[in-house]
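Visitor: Fold the stuff below for me.
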Amino acid sequence: MNRAVRFHETGGPEVLRLEEVPVPVPGPGEVLIRTRALGLNRAESMFRLGQYGIDPVFPSGIGYEAAGVVEALGEGVRGLSVGEAVSVVPSFAMTDYPVHGEAILAPAGAVVAHPERLSFEEAASVWMQFVTAYGGLVDLAGVRAGDTVVISAASSSVGLAAIQVAHKAGARAIALTRTSAKREQLLAAGADAVIATAEEDVAARVGELTGGKGARVIFDPVGGPALADLVKAAAHEAVIVLYGLLDRTPTPLNVGEVLFKHLTIRGFELFEITADDRRRAEAVAFVSDGLAKGELTPVIDKTFPLEAIADAHRYLEAGGQVGKIVITVDQPEGRS
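Guide: This is a model prediction of the structure:
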């Protein structure tokens, strides 16, 4: 038997349970992994609440990111070996492959070896954040040297990854955060400038920082009324990439500004990249290169043991973290 995180109804963190389930058997094209660490994302919280766009099927598993050791390979799997340290690139529905548990299945195309220098905790925190940042900034917006990138919710794991991805591409990163409380942490994380959105005029500050030109790329998971300020802060022919909807309040958008600035406002989901074999391979190559060179480094805010999974979700929803929340898994004696 093995323990898996499951829930039987949507709701708050209290609906999560650690339940005994059989060890799964890998079918053709699948990999069985004994996990050592699990990455926690806003997506899991939204899925648990029934707000993610894909309805859970009860009893439901959960989880997109895991790192551990290959225990068995299904028929036809090539390029991986039993005993190899691997991590999982989110490229599947949680209803098909929930990975928050002690022994989990993943499709072979989503399983990658991680650099030896990374701990299991670091490896479990890599792919969601860095592939999301890569997809929005590099694949879609074509960030290049000399660009200014404005990054909303910059203290999130994806926000911190976006700072690093922007720098890897030769761009400057302006971090947005609600108050000044996280300013020093964001500067220490590499932000070239920090704007506290509740304390400063975002468009005016971006104008000051860009010599009046505005930002060519804006990377935003929030939406809501604040999007109007981002439109004002955008340069002529800028690209605004929306990769989340943390604020569902209607946006008072100035359509004239969008029109006459020739702006592109583009919704983006991670699975545009990871569900496409070619684009996923390019993303993995970009991130792997950055990890190997030390240009990309996951920032972990706090770890929780698997037994405290509900507490980890509560901590995530409190919004005070700077970086990734990771769940550690202690395997039973005799297991990897």
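Visitor: Quick check: which element contains the residue nearest to L291 when sequence neighbours are not counted?
Guide: Spatial nearest neighbour of L291, chain neighbours left out: P115 (5.0 Å); criterion: Cβ to Cβ, 6 or more residues apart in numbering. Just so you know, the C-beta spots here come from the backbone N, C-alpha and C atoms, and that holds for glycine as well. Counting by DSSP states H and E, no helix or strand carries P115.
Visitor: P115 and K293: what is the separation?
Guide: 10 Å (Cβ to Cβ, to the nearest Å).
Visitor: So between these two, which is more surrounded?
Guide: More neighbours surround P115 than the other of P115 and K293, with 14 against 10 (other Cβ atoms under 10 Å).
Visitor: quick check: longest helix of the chain.
Guide: Ranked by residue count, the top helix of the chain under DSSP state H comes out as helix 277-293.
Visitor: Buried residues, the helix or strand just after that one. List them.
Guide: On the C-terminal side of helix 277-293, the closest following helix or strand by DSSP H and E is strand 300-305. Neighbour counts over strand 300-305 (16 or more other Cβ atoms under 10 Å) mark I300, D301, T303, F304 as buried.
Visitor: Can I get the following helix or strand past strand 300-305 in CSV? Just the C-alpha atoms.
Guide: Using DSSP H and E, the helix or strand that follows strand 300-305 in sequence is helix 309-318. Extracted in CSV, the C-alpha atoms of helix 309-318 (Å, rounded to 0.1, in the frame of the first residue of the first chain):
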residue,chain,number,x,y,z
ILE,A,309,-0.5,18.7,3.5
ALA,A,310,-3.5,20.7,4.7
ASP,A,311,-1.3,23.1,6.6
ALA,A,312,0.8,23.6,3.4
HIS,A,313,-2.4,24.5,1.5
ARG,A,314,-3.4,27.0,4.3
TYR,A,315,0.1,28.5,4.1
LEU,A,316,-0.2,28.9,0.3
GLU,A,317,-3.6,30.6,0.6
ALA,A,318,-2.4,33.0,3.2
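Visitor: ok, and what's touching the next helix or strand after helix 309-318?
Guide: The C-terminal neighbour of helix 309-318 among helices and strands, as given by DSSP H and E, is strand 324-328. With Cβ atoms under 8 Å, 6 or more residues apart in numbering as the test, strand 324-328 has contacts from 36-40, 100, 121, 124-125, 129, 157, 298-306, 309, 312, 315-316.
Visitor: again, but for stretch 160-169
Guide: Contacts for stretch 160-169 (Cβ under 8 Å, 6+ apart): 129-130, 132-134, 136-138, 143-145, 147, 149, 151, 154, 172-173, 175, 186, 189-191, 219, 290, 295-299, 322-323.
Visitor: from those residues, which ones fall inside strands?
Guide: V149, I151, R172, A173, A175, F219 (DSSP state E).
Visitor: rewinding a little: show me how to select, in PyMOL, the buried members of the contacts of stretch 160-169.
Guide: The following PyMOL line selects those of those that are buried, judged by 16+ other Cβ under 10 Å:
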select buried, resi 129+130+132+133+134+136+137+138+143+147+149+151+154+172+173+175+186+189+191+219+290+296+297+298+299+322+323
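Visitor: so what's the residue lying closest to G170 once chain neighbours are set aside scoring on pLDDT?
Guide: Setting aside the residues directly before and after it, G170 is nearest to A145 in space (Cβ to Cβ, 6+ apart), at 3.0 Å. We have a pLDDT of 95 for A145.
Visitor: tell me the contacts of A145?
Guide: Counted by Cβ under 8 Å, 6+ apart, A145 has contacts A169, G170, A171.
Visitor: tell me the domain ranges of this structure?
Guide: Listed by automatic domain parsing, the domain ranges of the chain are 2-126+298-328, 129-271.
Visitor: who wins for proximity to R280 among those domains?
Guide: Evaluated over the domains of the chain, closeness to R280 peaks at domain 2-126+298-328, with 6.1 Å, by Cβ to Cβ.
Visitor: any idea of the mean pLDDT in that closest one?
Guide: On average, domain 2-126+298-328 scores 94.
Visitor: Any idea how far apart the tips of it sit?
Guide: Criterion Cα to Cα, to the nearest Å; first-to-last residue distance in domain 2-126+298-328 is 15 Å.
Visitor: what's the spacing between it and its chain's center?
Guide: 13 Å (Cα atoms, centre = their mean, to the nearest Å).
Visitor: swap in stretch 294-306?
Guide: Going by Cα atoms, centre = their mean, where stretch 294-306 is centred and where its chain is centred differ by 12 Å.
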